[in-house]
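**Student:** Build the 3D model from these lines:
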Amino acid sequence: MSDEKVHGRIRTDGMFSGFHFSPDETKLVYTAEKKPEKIVPFTDFGRETENGCTSDARTDSTFEYTETWGEQLTGVSTPLVFILDLKKSVFNKPSITPLTLPENMAFGQPSWSPDGSGIIGVSWLNLPKRLGLIYCPNRQGYIFHASLDGKFTKLSEDGCAVFSPRISPDGKKLVWLETKSGGPHHPTQRLMMIDWNIDFQLSAPQCIIDIVEEDNGIFNGIYNTARALPVRCWFNDNKHLVFSTECRSSMKSYVVNVETKTINQIQTDGSVTGCSALDIYDNTVVLTGHSRTAPDSVLFGCLDKDKIYAKEILPPLELPIDFSHIRTTVFRLESRDSRLPYEAVLYHDMTVEDGEKQPLIVNPHGGPHSSFTDSFNVMAYYCSLLGYAILQVNFCGSTGFGNRNLLSLPGNCGINDVNDVHTAAIHALNEIPSLDPNRVGLQGGSHGGFLVTHLSGQFPDFYKAVCTRNPVVNIATMATISDIQDWCFFETGIGEYNFANSSYTQEVAQKMFSASPIAHAHKVKAPTLIAIGEKDLRVPASQGREWYYSLKSRGVKTKLLSYDDCHPISKVGNEMDYMISMANWFQENL
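**Tutor:** Below is the predicted model:
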């Protein structure tokens, strides 16, 4: 299967990949890059045989640009679906055939139809431009069925973004996640379903779980798109399935009856406050249990009518360090701008003696449409061990608080989110007397970097030190080079980006600039550590360099770390270097 005579690299990422045996276990479906075309460079014209090129190669420039699907998917341009026939394959000669599919689409997440006569999967439109796909489940596409004889059928409606097709054990129901395409990058999702039959007489899609507009604290909608539905999410009764999603500042799992549309939260025992479904077999489900005070545990539960009670079967890993003196406090707050609720989680030392003060690090998340949940957070405990309290803020616009809350932020970035984070910091200082109001620092990456650089400019006397990774500092300059140009337009309130007729005007550029931290750079006083990934396509490294030179030219203490890494800066050595550098920076400046 590694033979590139048939196709390019096999996809193993979480967006496109899928490896499934046919019902009779004689075939395997998977995704791989389209076979690259053979090209003879102009410099080798007439020397094809000498260079090992075959007659099917054409002479052309070998420097033509190939579009990819952006950040962390730079090797992916045209993923297609392939079928390995195990019966016809012999040693070193696999029998591989591509599935006949339309042009101008990328394909992924393939699985077999119940009778093995075709493939069900996801297709994404790649015209007029491939935008970054990772962390962006809002790209237009379709749930499709492709028969082995070449018939292609769209199962979902136009104008939608779709993900995770899952067929029931009896092969009579197909569900998937769906939302309107465009808009925020992590929108609220619907759970859709069609009835399936062997004659391919399919019902119209019906909505099993709709978008939840308001925060009710029990179930606030589906957000966790990439991990919401396990590959095996159905129970053997063919009417119940499990999914996981954020609810406020916690990760919860639910069981839904697709016939009655009843939703029940999975209940857990012990110190577990949240959970994520991993797999289902027969009538049982395995989950990871989450807690802010300990690493994940393993839970096991059985379906009982419409409900599940999950018990711990494998306790959390015992840590060599005692964290019992660290308390976590969840603050429930109200945005002064949108008047909507949001939350912040404080990790602080309960053993601080009278008269002592603990410095505070304020940490907003990236996205902006993501959230901090109740999993064990290494960064929070790392800072706690170094003597800092840390405040993680789920400002309005975060996932898990209802769709109205999420949509309150676009058009107000740089205002509402900044005010929410600053309000949370002041609230924590007022509620916890042991926190030091004269030693408040900032730490955040991506949109979290956007916020901490904003805060350091808007409140220059309040925040004393800043550490940031790949921060968005100037949306006007990022809008022309990022792999998510649409983000720059939507989050600043300009609307959907029109690819056919560019809407990047002088007025638009001014609005983007005004919404950016760079508009406040002249007021910054706090020493600032900046980390950039040179391979970052999401927030290009030029953004961090722009902030670095802006501060340096004004005499503000600053330092720039440049890593051979992409947006998360997640290579082990790089991440460790940043965390130690961050600790040293706060030690020196806070």
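
**Student:** And Ile580, its phi and psi?
**Tutor:** Torsion angles at Ile580 (phi, psi; degrees, to the nearest 10) stand at phi -70, psi -40.

**Student:** got it, and Val572?
**Tutor:** The phi/psi pair for Val572 (degrees, to the nearest 10) is phi -50, psi -50.

**Student:** mind listing what Ala425 touches?
**Tutor:** For Ala425, the contact set (C-beta atoms under 8 Å, 6 or more residues apart in numbering) comprises 360, 362, 391, 393, 440, 462. All C-beta atoms are positioned from the backbone trio N, CA, C, and that covers glycine.

**Student:** Can you pull the poorly scored residue ranges out of this protein?
**Tutor:** The model of the chain has pLDDT under 70 over residues 1-4, 45-56, 198, 500-502.

**Student:** that older thread, is it possible to export the contacts of Ala425 to a markdown table including secondary structure, neighbour count and distance to Ala344?
**Tutor:** Output for these, formatted as a markdown table (DSSP: H, G, I helix; E, B strand; the rest coil; neighbours: other C-beta atoms under 10 Å; distance: C-beta to C-beta, whole Å):
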| residue | secondary structure | neighbour count | distance to Ala344 |
| --- | --- | --- | --- |
| Leu360 | strand | 27 | 11 |
| Val362 | strand | 28 | 9 |
| Leu391 | strand | 27 | 6 |
| Val393 | strand | 30 | 4 |
| Val440 | strand | 25 | 14 |
| Phe462 | coil | 18 | 16 |
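
**Student:** okay, those in TSV with distance to Ser113 next?
**Tutor:** Shown next, in TSV, are the contacts of Ala425 (distance: C-beta to C-beta, whole Å):
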residue	distance to Ser113
Leu360	55
Val362	51
Leu391	50
Val393	46
Val440	57
Phe462	59
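
**Student:** Pull the most distant pair out of those.
**Tutor:** Distances among the contacts of Ala425 were taken as C-beta to C-beta; the most separated pair is Val393 and Phe462, at 14.8 Å.

**Student:** related to what we said a few turns ago, list just the nearest of the contacts of Ala425 to Met193.
**Tutor:** Val393 (36.4 Å).

**Student:** what pairs with the closest one across the strands?
**Tutor:** Counting by DSSP bridges, Val393 forms beta bridges with Ala344, Pro364.

**Student:** Next, work out how far apart it and Asn584 are.
**Tutor:** Using C-beta to C-beta, to the nearest Å, we find Val393 at a distance of 24 Å from Asn584.

**Student:** And the helices in this structure, which stretches?
**Tutor:** 225-228, 378-385, 403-406, 416-431, 447-458, 475-478, 485-490, 506-514, 541-553, 572-589 (DSSP state H).

**Student:** if you compare the ones you listed, which one is most tucked away?
**Tutor:** helix 447-458 (a mean of 28; mean count of other C-beta atoms under 10 Å).

**Student:** residues in contact with that helix?
**Tutor:** So helix 447-458 is contacted by 362-368, 395, 413-414, 417-418, 421-422, 442-444, 462-463, 466-473, 516-517, 519-526, 528, 539, 547 (C-beta under 8 Å, 6+ apart).

**Student:** Please apply the same query to stretch 90-105.
**Tutor:** Stretch 90-105 is contacted by residues 1, 3, 6-7, 29, 80-85, 87-89, 107, 110, 119, 123-127, 141, 146, 148, 150, 152 when judged by C-beta under 8 Å, 6+ apart.

**Student:** and the end-to-end length of that stretch?
**Tutor:** Start and end residues of stretch 90-105 are separated by 32 Å (C-alpha to C-alpha, to the nearest Å).

**Student:** The closest residue in space to Asp565 that isn't next to it in sequence: what's it in contact with?
**Tutor:** Distances taken as C-beta to C-beta, 6 or more residues apart in numbering put Gly533 closest to Asp565, at 4.1 Å, once the chain neighbours are dropped. By C-beta under 8 Å, 6+ apart, the contact set of Gly533 is 470, 541, 563-569, 574.

**Student:** Which PyMOL command selects the buried ones in the residues you listed?
**Tutor:** In PyMOL syntax, the buried subset of those is picked out as below (16 or more other C-beta atoms under 10 Å):
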select buried, resi 470+541+563+565+566+567+568+569+574
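
**Student:** Now do the contacts for Phe489.
**Tutor:** 479, 495-497, 503, 508 are the contacts of Phe489 under C-beta under 8 Å, 6+ apart.

**Student:** Which of those residues sits closest to Tyr347?
**Tutor:** Scanning the contacts of Phe489 for proximity to Tyr347, where the rule is C-beta to C-beta, the winner is Ala479, at 35.7 Å.

**Student:** Any idea which residue is closest to the centre of this structure?
**Tutor:** Compute the mean C-alpha point of the chain, and by C-alpha atoms, centre = their mean the closest residue is Tyr135, 3.3 Å away.

**Student:** is it true that it touches Thr225?
**Tutor:** No. Using C-beta atoms under 8 Å, Tyr135 makes no contact with Thr225, being 9.5 Å away.

**Student:** and for the two, which residues touch both?
**Tutor:** Common neighbours of Tyr135 and Thr225 (C-beta under 8 Å, 6+ apart) are His186.
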